[in-house]
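Undergrad: need a 3D model of the sequence below.
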Amino acid sequence: MEAAGKEEISVEDEAVDKNIFKDCSKIAFYRRQKQLSRRATYQASLDSATIGKDSTKFQIISETTKVSLLAEVYGIEGNIFRLKINEETPLKPRYEVPDVLTSKPSTVRLISCSGDADSLVLTDGKGDLKCNITANPFKIDLVSQEEVVMSINSLGQLYFEHLQIPLKQRAAKENKEDTSVDASQEDQEDLGLWEEKFGKFVDVKVNGPASVGLDFSLHGFEHLYGIPQHAESHQLKNTSDGDAYRLYNLDVYGYKIHDKMGIYGSVPYLLAHKLGRTLGIFWLNASETLVEINTEPAVKYTLTQMGPVAAKQKVRCRTDVHWMSESGIIDVFLLTGPTPSDVFKQYSYLTGTQAMPPLFSLGYHQCRWNYEDEQDIKEVDAGFDEHDIPYDVMWLDIEHTEGKRYFTWDKKRFPNPKRMQELLRSKNRKLVVISDPHIKIDPNYSVYVKAKEQGFFVRNHEGGDFEGVCWPGLSSYLDFTNPKVREWYSGLFTFSAYQGSTDILYIWNDMNEPSVFRGPELTMQKNAIHHGNWEHRELHNIYGFYQQMATAEGLIQRSKGKERPFVLTRSFFAGSQKYGAVWTGDNTAEWSYLKISIPMLLTLSITGISFCGADVGGFIGNPEAELLVRWYQAGAYQPFFRGHATMNTKRREPWLFGEEYTRLIREAIRQRYTLLPYWYSLFYRAHVAAQPVMRPLWIEFPEELDAFGVEDEYMLGSALLVHPVTEPKASTVDVFLPGSNEVWYDCKTFAHWEGARTVKIPVALDTIPVFQRGGSIVPIKTTVGKSTGYMTDSPYGLRVALSTKDSAMGEFYLDDGHSFRYLHQKQFLHRKFSFLSDVLINSCADERGHYPSKCVVEQIFVLGLKKQPSSVTTRSSDGKDEPVAFTYCAQMSTLRLEKLSLNISADWEVHVR
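TA: The predicted structure follows:
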């Protein structure tokens, strides 16, 4: 590693004492809001409300300071309400998050259906939703079918700190004895009004405190989910004082699990679910944010009344959510559902859907910090072939560069990067390399020189380039919030600029929280200055989002707009799904981290980021062979599938643990490749309809209370239930099979169970508990190649699992797997499979798409067929019938058809008589 000054930079700079991170008690705006919000009550001036085409505006006045805020309520297409609250006349503009919303949302005119000085009722005139605004004290109720589903500010926690003239200027204007602000010197320090101390760092706030906060009460709800990223349960927990969920992107090496501290990414969006309704709250703010949650359980009590009759009344449960952000404005979207699927569509309408990934990126990825040199790469690549293990992508971490200068190659270790890429290309494989946002300060490094010349770095508060320590030593940080910087950075990925790169090279953005070794909480000072003169505090959580955006754009431009990019990012924000994939960062090789990866990925999935995964095997430490096998088995059934390990760990390529473990890992990876047609079809659904790929059970079974808290198993799409084994030496697992009208089939043994029960499943080390839901049809590949590119023309199979009504449905999506032709030229194939009345039909699901394929369906399994057929025939689109040989197993109720030759893209039928 290179030196920074005289000190060596090493992995120890990341592996730090957790005391360098703040807990809530050390966060001044949290202390202020907890202490001071009770003192302020607000009143709305509804008599002067103006109802315009786009929004309804009114003033909210603080009863203590008499200063007014401006509130705006918008109706947005698709049953969304938006509430914005800002200073009416701020000292200077307050930060409003740009670039996250895909476009300006189409507004729906709200009309007043009743109103006076005390209250105002707004409706969009279409649905059953009403927005009831009460003047004194200010409160908003969201009403559906005459029932209040959400209240805003019913606890009176609206909090808004107004920007103030800097103390120095104020002192010059006023007499010395008059310079005190609203608190004594001691209070000011404790409340961190103008300065906030943490360790050796002092955060100076030029315009004083600027935090905002608001409470939301969700009536009848006790199950809340979302606000990643935390190493925590999927269902959000109640927070006690001082233990709020923190959204502040930080580089936390080997993060603690079951902890609400902020880690690498932040999506300030949560979902609430109860029988009959799902809601979403999207708090659009990119500054440090804290969320408190408190559920009041339902109670039954007796109203004592005068007279003989005592009226019994049931009080519904209620969950209160208190959002607090360090700066910016209040800009919140209320997604009113009513179903989980509706909420996903509403959120994607605002922030976009998951980018359609190139097919190779759904295969297996092999990474470590670091593969040593070209020879090492060659040997590892050959090892996969030698042991008959498919993989698609080789990864290179920071050591591949010349002294941690991104866009360069270490000439000793990687003298001929193009030759290395040609070797991978010859096997239809790809290469991913790392590109971090810190740029080594070096007058001989062209990327640094050009960025410095053009003023493209984040600045310190004195106006010079911000300098911090990271892997290369002293570095400056590109200001990705500046569109010109993003445009320039995108240009660095062209083949002419990035010497040694080819069109099979893709990118990994790491350390982009941003990570600054020896900075406050290992990140950038909050008073660093960005484009537009905004302080870092305003936009901290969106920094990594912008780097991934610029990187994805660079890869698209590199191909002249033709090829889909692949970019993995560690730091993310709402909307990052538009640009690629996310992973859960620096996890540890322990069973507990394997276990927590499931709820962490479920939470990312429901907040829009479907392309997510955790480092297989654990990044830090050395997994025992059993843990490694179980992690491969789990990872094979999670969206982003990559093995990764840190420096100084033992090598752990899949064949290094003995023949038996190699066989088990091979089998897990091969199962992944077998299911690729299903995975790809699921990603298409995520891309066009915002349906998550990996789903908690409550999404598929929204009326099944027992499913709401399950987080050790999940659905892949609507067809497969996966229950990874996450305990050592397990001989059984308890699998919950939901749905009283459902039937579930074990994918390995074909044994079946009725739903709405917990089943004890015996597991050996080769068992991956996966169950197919009755009523579904899953497309598979019948043979597995060295990589996805080898499997383009290989045949398909269909796994048909019959429901209790002896029917099944499924779909299949296909395109070229790499370009945008599916979008611009409608070159895709979207087919629908249905099994009804003993006939399996392949028909077109979307007439707009055309993509001829030579591939055939050669194998069909039907599970749950209760009687032996007398004959099976296929009927092609020209009406010709052909008899088919079949095998029927009465004991397992399975029908097996093989050696078929039914074109996947043609209409045909299979009749079972």
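Undergrad: please count neighbours and contacts with C-alpha atoms only from this point.
TA: Fine.
Undergrad: tell me, please, where in the chain the pLDDT is lower than the cut-off.
TA: 1-8, 10-16, 18, 37, 171-189, 300-314 (pLDDT under 70).
Undergrad: quick one, domains of it?
TA: 31-97+104-160+211-301+311-351, 359-433+483-511+535-692, 719-912 (the TED database).
Undergrad: quick one: closest of these to residue 168.
TA: Among these, the nearest to residue 168 by CA to CA is domain 31-97+104-160+211-301+311-351 (15.5 Å).
Undergrad: could you tell me the end-to-end distance of that closest one?
TA: 32 Å (CA to CA, to the nearest Å).
Undergrad: so how far is that domain from its chain's centroid?
TA: 21 Å (CA atoms, centre = their mean, to the nearest Å).
Undergrad: out of the domains of the chain, nearest to residue 201?
TA: That would be domain 359-433+483-511+535-692 among the domains of the chain, by CA to CA, at 14.6 Å.
Undergrad: endpoints of the closest one, how far apart?
TA: 17 Å.
Undergrad: now the spatially closest residue to residue 84 that is not a sequence neighbour: phi and psi?
TA: Nearest residue to residue 84, sequence neighbours excluded (CA to CA, 6 or more residues apart in numbering): residue 331, at 4.5 Å. Main-chain dihedrals, residue 331, degrees, to the nearest 10: phi -140, psi 100.
Undergrad: can you give the contact residues for stretch 284-292?
TA: Residues outside stretch 284-292 that contact it (CA atoms under 8 Å, 6 or more residues apart in numbering) are 30, 96-97, 238-240, 243-248, 268, 320-333, 537-542.
Undergrad: which among the residues you listed end up buried?
TA: 30, 96-97, 238-239, 243-248, 268, 320-333, 537-542 (16 or more other CA atoms under 10 Å).
Undergrad: about what we covered before: list the contacts of the residue nearest to residue 84.
TA: Residue 331 neighbours (CA under 8 Å, 6+ apart): 82-85, 283-285.
Undergrad: same thing but at 6 Å, please
TA: Residue 331 makes contacts with 83-84, 284, as judged by CA atoms under 6 Å, 6 or more residues apart in numbering.
Undergrad: also residue 416?
TA: With CA under 6 Å, 6+ apart, residue 416 has no contacts at all.
Undergrad: and it, how far is that from residue 367?
TA: 20 Å.
Undergrad: for residue 95, same thing?
TA: 39 Å.
Undergrad: coming back round to it: out of the buried ones among the contacts of stretch 284-292, which sit inside helices?
TA: Using DSSP state H, the subset of those located in helices is 30, 537-539.
Undergrad: can you pull out the helices in the stretch 551-700 of the chain?
TA: 591-606, 625-635, 659-674, 676-689, 697-700 (DSSP state H, counting those that start in this stretch).
Undergrad: what does the last one contact?
TA: When you say that, I think you mean helix 697-700. Contacts for helix 697-700 (CA under 6 Å, 6+ apart): 707-708, 714.
Undergrad: which SSE is immediately downstream of that helix?
TA: strand 714-716 (DSSP states H and E).
Undergrad: strands paired with the helix or strand just after that following strand, and their directions?
TA: Downstream of strand 714-716, the first helix or strand assigned by DSSP H and E is strand 720-722. Strand 720-722 has these partner strands in its sheet, going by DSSP bridges: strand 714-716 (antiparallel), strand 770-773 (antiparallel).
Undergrad: convert the last one to PDB, retaining C-alpha atoms only.
TA: Right, strand 770-773. What follows is strand 770-773, C-alpha atoms only, in PDB (Å, rounded to 0.1, in the frame of the first residue of the first chain):
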ATOM      1  CA  VAL A 770     -36.900 -25.000  -2.500                       C
ATOM      2  CA  PHE A 771     -40.600 -25.500  -3.100                       C
ATOM      3  CA  GLN A 772     -42.700 -24.800  -6.200                       C
ATOM      4  CA  ARG A 773     -46.100 -23.400  -5.600                       C
END
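Undergrad: show me what the helix or strand hosting residue 484 packs onto, helices and strands only.
TA: In the assignment (DSSP H and E), residue 484 maps to helix 483-491. Contacts defined by 3 or more CA pairs under 6 Å, 6 or more residues apart in numbering; DSSP states H and E place helix 483-491 against helix 543-558.
Undergrad: rewinding a little: redo the strands paired with strand 720-722 as TSV? Include mean neighbour count and distance to residue 780.
TA: Below are the strands paired with strand 720-722 laid out as TSV (neighbours: other CA atoms under 10 Å; distance: least, CA to CA, whole Å):
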stretch	mean neighbour count	distance to residue 780
strand 714-716	25	14
strand 770-773	26	13
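Undergrad: out of these, which comes closest to residue 601?
TA: strand 714-716 (10.2 Å).
Undergrad: contacts for that closest one?
TA: For strand 714-716, using CA under 6 Å, 6+ apart, the contacting residues are 693-697, 721-722.
Undergrad: go again using 7 Å as the cut-off
TA: 693-697, 721-723 (CA atoms under 7 Å, 6 or more residues apart in numbering).
Undergrad: tally of neighbours for residue 533?
TA: Close neighbours of residue 533, defined as other CA atoms under 10 Å, add up to 10.
Undergrad: sorry, that was for residue 122
TA: So residue 122, with other CA under 10 Å, has 23 neighbours.
Undergrad: by contact count, what packs against the strand or helix carrying it?
TA: Here residue 122 sits within strand 119-123, counting by DSSP H and E. Applying 3 or more CA pairs under 7 Å, 6 or more residues apart in numbering; DSSP states H and E, we find strand 119-123 packed against strand 111-115, strand 129-134.
Undergrad: and residue 864, which of these is closest to it?
TA: Of the helices and strands packed on strand 119-123, the one closest to residue 864 (CA to CA) turns out to be strand 129-134, at 44.1 Å.
Undergrad: so what are the sheet partners of that closest one and their directions?
TA: By DSSP bridges, strand 129-134 pairs with strand 119-123 (antiparallel), strand 139-144 (antiparallel).
Undergrad: so what touches the shortest one?
TA: Judged by CA under 7 Å, 6+ apart, the contacts made with strand 119-123 from elsewhere in the structure are 46, 110-115, 129-135.
Undergrad: can you tell me which of the residues you listed lies closest to residue 360?
TA: residue 129 (44.5 Å).
Undergrad: so how many other residues sit close to the residue nearest to that closest one when sequence neighbours are not counted?
TA: Once flanking residues are discounted, residue 129 sits nearest to residue 144: 4.8 Å by CA to CA, 6+ apart. Neighbours of residue 144 under the rule other CA under 10 Å: 16.
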